[in-house]
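A.B. asks: sequence-free structure coming up:
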């Protein structure tokens, strides 16, 4: 069964430092992986996805994610964090079958301190 | 132009009442979803429609009934509201791409408070 895990409930980083939000997955077949961000009192926004090809995927707002097949990970990264990056981040994987379902992680709250 | 819109944004009602939330998308997508996000921010899929056909129907009380009059609209009707129904409800839409990917696009949410 498809599953995704975000091992950290909260990540704290100083502004200007690099940030990493972790995600690991378990899938049968090829993984289709996604990152979303949710700012306070807003809906989720799509950041980036991995389907195939380069292991480093670039997305919105300067975020990128590194796909690692051997470690079954898809960590979200940004070279220099901004206070405005403080939000809730969700990792997701495409579900099995044809029901157009995404399997979601529990979310990681990122706090960027000035 | 708003891609996925929901009305109302806030809904405060009493236990036992019946209420509806409406969703519209102008992205031309063929699949729409309802999610519930609880106070711990966990996202739970409730229903999904593809071309007006119900394709996901998770374990949800039958007080919740979705309805999709056309591909661009998905409504959620809730009967006999309970305190535990208080949450933020998100609508989303997606389109299957030739790559096999179907990233979802979310509405702003409807915050339902049952008193």
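C.D. replies: Here it is on my side, so go on. Nothing here was measured: the structure is a model prediction, and the numbers come from that model.

A.B. asks: Let me see the contact set for whatever residue of chain A ends up closest to chain B.
C.D. replies: Closest approach between chain A and chain B, counting by CB to the nearest CB: residue A:43, at 3.8 Å. The C-beta positions use only the backbone N, C-alpha and C, and glycine is treated the same way. By CB atoms under 8 Å, 6 or more residues apart in numbering or on different chains, the residues touching residue A:43 are B:4, B:90, B:106, B:107, B:108, B:109.

A.B. asks: how much space between the last one and chain A?
C.D. replies: From residue B:109 across to chain A, the span is 5 Å (CB to the nearest CB, to the nearest Å).

A.B. asks: what about the residue in chain B that chain A sits nearest to, how many neighbours?
C.D. replies: Nearest residue of chain B to chain A (CB to the nearest CB) works out as residue B:106 at 3.8 Å. Neighbours of residue B:106 under the rule other CB atoms under 10 Å in any protein chain shown: 22.

A.B. asks: residues contacting the most centrally placed residue in chain B?
C.D. replies: Centre of chain B computed as the mean C-alpha position; nearest residue by CA atoms, centre = their mean is residue B:34, 2.6 Å away. Residues counted as contacts of residue B:34 (CB under 8 Å, 6+ apart) are B:23, B:45, B:46, B:47, B:48, B:66, B:74, B:76, B:89, B:90, B:91.

A.B. asks: These in strands, which ones?
C.D. replies: Among those, the members found in strands (DSSP state E) are B:23, B:45, B:46, B:47, B:48, B:66, B:74, B:76, B:89, B:90, B:91.

A.B. asks: give me the subset of these touching chain A.
C.D. replies: Contacts with chain A are made by B:45, B:48, B:90 out of the ones in strands among the contacts of residue B:34, judged by CB under 8 Å from any CB of the partner chain.

A.B. asks: wait, which of these is closest to residue A:59?
C.D. replies: residue B:90 (20.4 Å; CB to CB).

A.B. asks: Can you give me every residue that contacts the closest one?
C.D. replies: A:43, A:44, B:6, B:34, B:35, B:36, B:37, B:43, B:106, B:107, B:109, B:110.

A.B. asks: Just give the closest residue to it, not the sequence neighbours.
C.D. replies: Once flanking residues are discounted, residue B:90 sits nearest to residue B:35: 4.4 Å by CB to CB, 6 or more residues apart in numbering or on different chains.

A.B. asks: would you say that neighbour is within a helix?
C.D. replies: No - secondary structure assignment (DSSP: H, G, I helix; E, B strand; the rest coil) places residue B:35 in strand, not in a helix.

A.B. asks: Go ahead and confirm it touches residue B:46.
C.D. replies: Yes - counting by CB atoms under 8 Å, residue B:46 is a contact partner of residue B:35 at 6.3 Å.

A.B. asks: Residue B:82 touches residue B:15, doesn't it?
C.D. replies: Yes - between residue B:82 and residue B:15 there is a contact at 6.2 Å, judged by CB under 8 Å.
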